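1. turn this into a model:
(one chain, ligands or ions: 1)
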Amino acid sequence: MSTNYTTLTGQRRLKVESIRDLTDSTYVVRLEKGDFPFTAGQCVLLGLAGSAQHREYSVYSPVGAPYLEVLVKAVENGDVSNRLKTCSAGTALEVEGPVGFFTLDDADVAGAPVVFIASGTGISPFHCMIGSHPDLNYTLVHGVRTPAEAYDRECFAPERYTVCTSRDAGGDYSGRVSAYLEQAPIATDARYYLCGNAAMIDDVYDILARKGVDADNIRAEVYF
Ligand SMILES: Cc1cc2nc3c(=O)[nH]c(=O)nc-3n(C[C@H](O)[C@H](O)[C@H](O)COP(=O)(O)OP(=O)(O)OC[C@H]3O[C@@H](n4cnc5c(N)ncnc54)[C@H](O)[C@@H]3O)c2cc1C
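-> The predicted structure is shown next:
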(Lines give C-alpha, C1' and ligand atoms only; values in the text may rest on other atoms or scores of the structure.)
Protein backbone atom coordinates (compact mmCIF):
# COMPACT_ATOMS: atom_id res chain seq x y z
CA MET A 1 0.00 0.00 0.00
CA SER A 2 1.29 3.48 -0.87
CA THR A 3 2.02 5.82 2.02
CA ASN A 4 1.72 9.05 0.07
CA TYR A 5 -1.25 11.33 0.56
CA THR A 6 -2.58 14.66 -0.67
CA THR A 7 -3.00 17.51 1.81
CA LEU A 8 -5.81 20.08 1.79
CA THR A 9 -3.52 22.48 -0.12
CA GLY A 10 -2.98 19.97 -2.93
CA GLN A 11 0.48 19.01 -1.74
CA ARG A 12 1.46 15.40 -1.44
CA ARG A 13 4.04 14.05 0.93
CA LEU A 14 6.17 11.45 -0.77
CA LYS A 15 8.96 9.57 0.97
CA VAL A 16 12.51 9.49 -0.34
CA GLU A 17 13.54 5.98 -1.41
CA SER A 18 17.15 6.82 -2.25
CA ILE A 19 19.66 9.50 -3.23
CA ARG A 20 22.06 8.51 -6.04
CA ASP A 21 25.13 10.69 -6.50
CA LEU A 22 26.19 11.25 -10.12
CA THR A 23 28.96 13.79 -9.50
CA ASP A 24 30.14 15.77 -6.47
CA SER A 25 27.25 18.19 -6.93
CA THR A 26 24.60 16.40 -8.95
CA TYR A 27 22.35 13.62 -7.72
CA VAL A 28 19.08 11.81 -8.38
CA VAL A 29 16.35 11.83 -5.73
CA ARG A 30 14.07 8.81 -6.02
CA LEU A 31 10.69 9.15 -4.34
CA GLU A 32 7.77 6.85 -3.80
CA LYS A 33 5.39 7.47 -6.67
CA GLY A 34 2.06 6.19 -5.49
CA ASP A 35 -0.57 7.38 -7.97
CA PHE A 36 1.26 10.59 -8.96
CA PRO A 37 0.11 11.38 -12.54
CA PHE A 38 2.23 13.41 -14.98
CA THR A 39 3.12 13.78 -18.64
CA ALA A 40 6.75 13.42 -19.77
CA GLY A 41 8.41 16.86 -19.69
CA GLN A 42 6.44 18.24 -16.76
CA CYS A 43 7.87 19.45 -13.43
CA VAL A 44 7.11 19.08 -9.77
CA LEU A 45 7.50 21.63 -6.99
CA LEU A 46 9.62 20.04 -4.30
CA GLY A 47 10.63 21.00 -0.79
CA LEU A 48 11.30 19.61 2.64
CA ALA A 49 8.20 18.97 4.73
CA GLY A 50 7.25 22.05 6.73
CA SER A 51 9.61 24.29 4.79
CA ALA A 52 8.32 27.33 2.95
CA GLN A 53 10.93 26.82 0.25
CA HIS A 54 9.84 24.84 -2.78
CA ARG A 55 11.56 24.71 -6.17
CA GLU A 56 10.65 23.39 -9.59
CA TYR A 57 12.31 20.21 -10.82
CA SER A 58 11.59 18.38 -14.06
CA VAL A 59 10.62 14.76 -13.61
CA TYR A 60 13.63 12.63 -14.63
CA SER A 61 12.13 9.14 -14.47
CA PRO A 62 9.94 7.70 -17.23
CA VAL A 63 6.17 7.95 -16.87
CA GLY A 64 5.84 4.17 -16.44
CA ALA A 65 8.51 3.80 -13.75
CA PRO A 66 7.25 2.62 -10.34
CA TYR A 67 9.04 5.57 -8.69
CA LEU A 68 9.37 9.32 -9.22
CA GLU A 69 12.87 10.74 -9.79
CA VAL A 70 14.31 14.23 -10.14
CA LEU A 71 17.85 15.17 -11.18
CA VAL A 72 19.23 17.97 -9.00
CA LYS A 73 22.40 20.03 -9.11
CA ALA A 74 23.39 21.52 -5.75
CA VAL A 75 24.14 25.12 -6.67
CA GLU A 76 26.48 27.40 -4.73
CA ASN A 77 24.61 28.98 -1.79
CA GLY A 78 21.41 27.36 -3.03
CA ASP A 79 18.91 26.64 -0.30
CA VAL A 80 16.73 23.78 -1.54
CA SER A 81 19.22 22.08 -3.87
CA ASN A 82 21.71 21.61 -1.00
CA ARG A 83 19.12 20.57 1.56
CA LEU A 84 17.63 17.89 -0.69
CA LYS A 85 21.08 16.34 -0.99
CA THR A 86 21.15 15.63 2.75
CA CYS A 87 17.88 13.66 2.73
CA SER A 88 17.95 9.98 3.50
CA ALA A 89 15.58 7.10 2.79
CA GLY A 90 12.29 7.70 4.58
CA THR A 91 12.46 11.52 4.62
CA ALA A 92 9.09 12.95 3.58
CA LEU A 93 9.19 15.66 0.93
CA GLU A 94 6.38 17.97 -0.10
CA VAL A 95 5.52 17.56 -3.76
CA GLU A 96 3.14 19.75 -5.73
CA GLY A 97 2.17 19.33 -9.32
CA PRO A 98 2.62 18.25 -11.95
CA VAL A 99 3.13 21.65 -13.55
CA GLY A 100 4.26 22.87 -16.95
CA PHE A 101 3.58 22.52 -20.65
CA PHE A 102 7.01 21.47 -21.93
CA THR A 103 5.60 18.27 -23.37
CA LEU A 104 5.68 16.45 -26.68
CA ASP A 105 3.04 16.74 -29.39
CA ASP A 106 1.19 13.60 -30.46
CA ALA A 107 3.05 13.77 -33.81
CA ASP A 108 6.38 13.75 -31.97
CA VAL A 109 5.41 10.68 -29.98
CA ALA A 110 4.28 9.05 -33.24
CA GLY A 111 7.75 9.44 -34.77
CA ALA A 112 8.10 12.94 -36.23
CA PRO A 113 11.73 14.13 -35.91
CA VAL A 114 12.56 15.96 -32.70
CA VAL A 115 15.82 17.56 -31.61
CA PHE A 116 16.48 17.91 -27.88
CA ILE A 117 19.10 20.47 -26.82
CA ALA A 118 20.06 20.64 -23.14
CA SER A 119 22.59 22.28 -20.88
CA GLY A 120 23.53 20.62 -17.58
CA THR A 121 20.54 19.28 -15.65
CA GLY A 122 18.35 20.48 -18.53
CA ILE A 123 18.78 16.92 -19.77
CA SER A 124 16.17 15.84 -17.22
CA PRO A 125 12.90 16.24 -19.20
CA PHE A 126 14.55 14.59 -22.22
CA HIS A 127 15.65 11.62 -20.09
CA CYS A 128 12.00 11.30 -19.06
CA MET A 129 10.62 11.70 -22.60
CA ILE A 130 13.07 9.23 -24.14
CA GLY A 131 12.49 6.66 -21.40
CA SER A 132 8.72 7.10 -21.65
CA HIS A 133 8.52 6.81 -25.45
CA PRO A 134 11.04 4.23 -26.70
CA ASP A 135 10.17 4.83 -30.37
CA LEU A 136 10.91 8.56 -30.38
CA ASN A 137 12.78 9.74 -33.47
CA TYR A 138 15.13 11.96 -31.51
CA THR A 139 18.50 13.63 -31.70
CA LEU A 140 19.96 14.80 -28.38
CA VAL A 141 22.68 17.43 -27.93
CA HIS A 142 23.90 17.92 -24.36
CA GLY A 143 26.13 20.78 -23.26
CA VAL A 144 28.21 20.13 -20.14
CA ARG A 145 31.53 21.26 -18.72
CA THR A 146 33.19 17.84 -18.44
CA PRO A 147 32.28 14.31 -19.62
CA ALA A 148 31.37 13.31 -16.05
CA GLU A 149 28.31 15.56 -16.39
CA ALA A 150 26.91 13.46 -19.24
CA TYR A 151 24.55 11.95 -16.67
CA ASP A 152 23.33 8.38 -17.25
CA ARG A 153 24.43 8.56 -20.88
CA GLU A 154 23.86 4.82 -21.30
CA CYS A 155 20.13 5.63 -21.35
CA PHE A 156 20.52 7.27 -24.75
CA ALA A 157 21.23 5.65 -28.11
CA PRO A 158 24.89 6.52 -28.85
CA GLU A 159 24.16 7.35 -32.50
CA ARG A 160 21.50 9.88 -31.40
CA TYR A 161 23.48 11.54 -28.59
CA THR A 162 26.19 14.21 -28.81
CA VAL A 163 27.95 15.51 -25.71
CA CYS A 164 29.53 18.95 -26.07
CA THR A 165 32.13 19.64 -23.37
CA SER A 166 33.11 23.25 -22.80
CA ARG A 167 35.99 22.75 -20.34
CA ASP A 168 37.44 19.42 -21.32
CA ALA A 169 38.31 17.73 -24.60
CA GLY A 170 36.65 14.44 -23.59
CA GLY A 171 33.23 14.99 -25.18
CA ASP A 172 32.02 14.09 -28.66
CA TYR A 173 32.56 17.76 -29.48
CA SER A 174 34.89 20.14 -27.65
CA GLY A 175 33.11 23.42 -27.17
CA ARG A 176 29.74 24.85 -26.30
CA VAL A 177 26.46 23.59 -27.69
CA SER A 178 26.09 26.85 -29.61
CA ALA A 179 29.46 26.36 -31.33
CA TYR A 180 28.48 22.78 -32.21
CA LEU A 181 25.19 23.90 -33.74
CA GLU A 182 26.86 26.67 -35.74
CA GLN A 183 28.82 24.06 -37.70
CA ALA A 184 26.29 21.18 -37.67
CA PRO A 185 23.63 20.55 -40.32
CA ILE A 186 20.26 21.78 -39.00
CA ALA A 187 17.08 19.95 -40.02
CA THR A 188 14.41 22.58 -40.69
CA ASP A 189 11.60 19.99 -40.66
CA ALA A 190 12.23 18.90 -37.04
CA ARG A 191 10.73 20.28 -33.85
CA TYR A 192 13.31 21.62 -31.40
CA TYR A 193 13.05 21.43 -27.61
CA LEU A 194 15.57 23.48 -25.60
CA CYS A 195 16.08 23.15 -21.84
CA GLY A 196 18.57 24.64 -19.40
CA ASN A 197 20.03 28.04 -18.67
CA ALA A 198 18.69 31.17 -20.35
CA ALA A 199 21.98 32.14 -22.01
CA MET A 200 22.21 28.80 -23.83
CA ILE A 201 18.57 28.97 -24.87
CA ASP A 202 18.92 32.52 -26.24
CA ASP A 203 22.04 31.62 -28.21
CA VAL A 204 20.56 28.41 -29.61
CA TYR A 205 17.26 30.06 -30.49
CA ASP A 206 19.10 32.68 -32.55
CA ILE A 207 21.17 30.06 -34.36
CA LEU A 208 18.15 27.91 -35.20
CA ALA A 209 16.13 30.91 -36.41
CA ARG A 210 19.04 32.10 -38.55
CA LYS A 211 19.40 28.62 -40.06
CA GLY A 212 15.75 28.54 -41.10
CA VAL A 213 13.87 26.80 -38.27
CA ASP A 214 10.37 28.24 -37.87
CA ALA A 215 9.73 29.83 -34.46
CA ASP A 216 6.63 27.64 -34.08
CA ASN A 217 8.92 24.62 -34.05
CA ILE A 218 11.14 25.84 -31.20
CA ARG A 219 10.02 25.24 -27.60
CA ALA A 220 11.99 26.11 -24.49
CA GLU A 221 12.07 25.47 -20.75
CA VAL A 222 14.28 27.98 -18.88
CA TYR A 223 15.71 26.79 -15.55
CA PHE A 224 17.56 29.94 -14.44
C1 LIG B 1 10.70 25.00 -14.83
C2 LIG B 1 11.97 24.73 -14.03
C3 LIG B 1 12.46 23.43 -13.95
C4 LIG B 1 13.64 23.18 -13.24
N5 LIG B 1 14.12 21.90 -13.20
C6 LIG B 1 15.30 21.66 -12.58
C7 LIG B 1 15.86 20.34 -12.59
O8 LIG B 1 15.29 19.38 -13.13
N9 LIG B 1 17.06 20.16 -11.93
C10 LIG B 1 17.71 21.20 -11.30
O11 LIG B 1 18.78 20.97 -10.73
N12 LIG B 1 17.20 22.45 -11.29
C13 LIG B 1 16.01 22.70 -11.89
N14 LIG B 1 15.47 23.96 -11.86
C15 LIG B 1 16.12 24.97 -11.00
C16 LIG B 1 15.57 24.80 -9.57
O17 LIG B 1 14.19 25.10 -9.55
C18 LIG B 1 16.24 25.71 -8.56
O19 LIG B 1 16.29 27.02 -9.04
C20 LIG B 1 17.66 25.25 -8.23
O21 LIG B 1 17.65 23.92 -7.68
C22 LIG B 1 18.31 26.21 -7.21
O23 LIG B 1 17.48 26.25 -6.07
P24 LIG B 1 18.12 26.61 -4.65
O25 LIG B 1 17.01 26.84 -3.69
O26 LIG B 1 19.15 25.62 -4.27
O27 LIG B 1 18.89 27.95 -4.96
P28 LIG B 1 18.37 29.44 -4.84
O29 LIG B 1 18.73 29.92 -3.50
O30 LIG B 1 16.94 29.54 -5.24
O31 LIG B 1 19.21 30.11 -6.05
C32 LIG B 1 20.61 30.18 -6.07
C33 LIG B 1 21.13 30.60 -7.44
O34 LIG B 1 21.32 29.43 -8.26
C35 LIG B 1 20.98 29.72 -9.62
N36 LIG B 1 20.66 28.43 -10.26
C37 LIG B 1 19.46 27.79 -10.31
N38 LIG B 1 19.58 26.61 -10.93
C39 LIG B 1 20.87 26.50 -11.28
C40 LIG B 1 21.61 25.49 -11.95
N41 LIG B 1 21.04 24.33 -12.40
N42 LIG B 1 22.93 25.68 -12.14
C43 LIG B 1 23.54 26.81 -11.70
N44 LIG B 1 22.89 27.81 -11.05
C45 LIG B 1 21.57 27.65 -10.85
C46 LIG B 1 19.82 30.69 -9.49
O47 LIG B 1 19.72 31.49 -10.68
C48 LIG B 1 20.25 31.52 -8.28
O49 LIG B 1 21.05 32.61 -8.70
C50 LIG B 1 14.31 24.24 -12.58
C51 LIG B 1 13.80 25.54 -12.65
C52 LIG B 1 12.65 25.79 -13.37
C53 LIG B 1 12.13 27.21 -13.45
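2. show me how far stretch 198-213 is from its chain's centre.
-> 19 Å (Cα atoms, centre = their mean, to the nearest Å).
3. run through who's touching it.
-> 117, 119, 122, 143, 176-178, 181-182, 186, 188, 190, 192, 194-195, 215, 218, 220, 222, 224 (Cβ atoms under 8 Å, 6 or more residues apart in numbering). Where C-beta positions appear, they are placed from N, C-alpha and C, glycine not excepted.
4. same thing but at 6 Å, please
-> 117, 119, 178, 181, 186, 188, 192, 194, 218, 220, 222 (Cβ atoms under 6 Å, 6 or more residues apart in numbering).
5. L14: what secondary structure?
-> Of the three states, L14 takes strand under DSSP: H, G, I helix; E, B strand; the rest coil.
6. now the element after the helix ranked longest in the chain, going C-ward?
-> Longest helix of the chain, by residue count under DSSP state H: helix 198-210. Per DSSP states H and E, the first helix or strand lying C-terminal to helix 198-210 is strand 218-222.
7. do stretch 25-35 and the ligand meet?
-> No. For stretch 25-35, no contact with the ligand is found by Cβ under 6 Å from any ligand atom; the gap never falls below 7.5 Å.
8. which parts of that stretch are buried?
-> Within stretch 25-35, the residues scored as buried using 16 or more other Cβ atoms under 10 Å are 25-34.
9. contact residues of the chain facing the ligand?
-> So the chain meets the ligand at 43, 55-58, 70-73, 75, 77-82, 120-121, 124, 221, 223-224 (Cβ under 6 Å from any ligand atom).
10. these, buried ones only, as a PyMOL selection?
-> Buried members of these, defined by 16+ other Cβ under 10 Å, are picked up in PyMOL with:
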select buried, resi 43+55+56+57+58+70+71+72+73+78+80+81+120+121+124+221+223
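11. please flag which of the residues of the chain next to the ligand sit within strands.
-> In this view, these that belong to strands under DSSP state E are 43, 55-58, 70-73, 221.
12. between those, which sits nearest G170?
-> For those, the residue nearest G170 by Cβ to Cβ is K73; the value is 19.4 Å.
13. quick check: domain ranges of the protein?
-> As assigned by automatic domain parsing, the chain contains the domains 5-99, 106-222.
14. can you redo these as TSV with mean pLDDT?
-> Listed next are those as TSV, based on pLDDT from 0 to 100:
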stretch	mean pLDDT
domain 5-99	93
domain 106-222	97
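15. quick one on the thing from earlier: let me know the closest of the buried residues of stretch 25-35 to the ligand.
-> Nearest to the ligand among the buried residues of stretch 25-35: T26, at 7.5 Å, using Cβ to the nearest ligand atom.
16. hmm, back to that, would CSV of the contacts of stretch 198-213 with distance to G90 be doable?
-> Output for the contacts of stretch 198-213, formatted as CSV (distance: Cβ to Cβ, whole Å):
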residue, distance to G90
I117, 37
S119, 33
S178, 43
L181, 44
I186, 48
T188, 51
Y192, 41
L194, 37
I218, 42
A220, 37
V222, 34
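17. what segments of this protein are strands?
-> Under DSSP E, the chain gives strands at 5-6, 12-21, 26-32, 43-48, 55-58, 67-73, 92-99, 114-119, 138-144, 161-165, 173-174, 191-196, 218-222.
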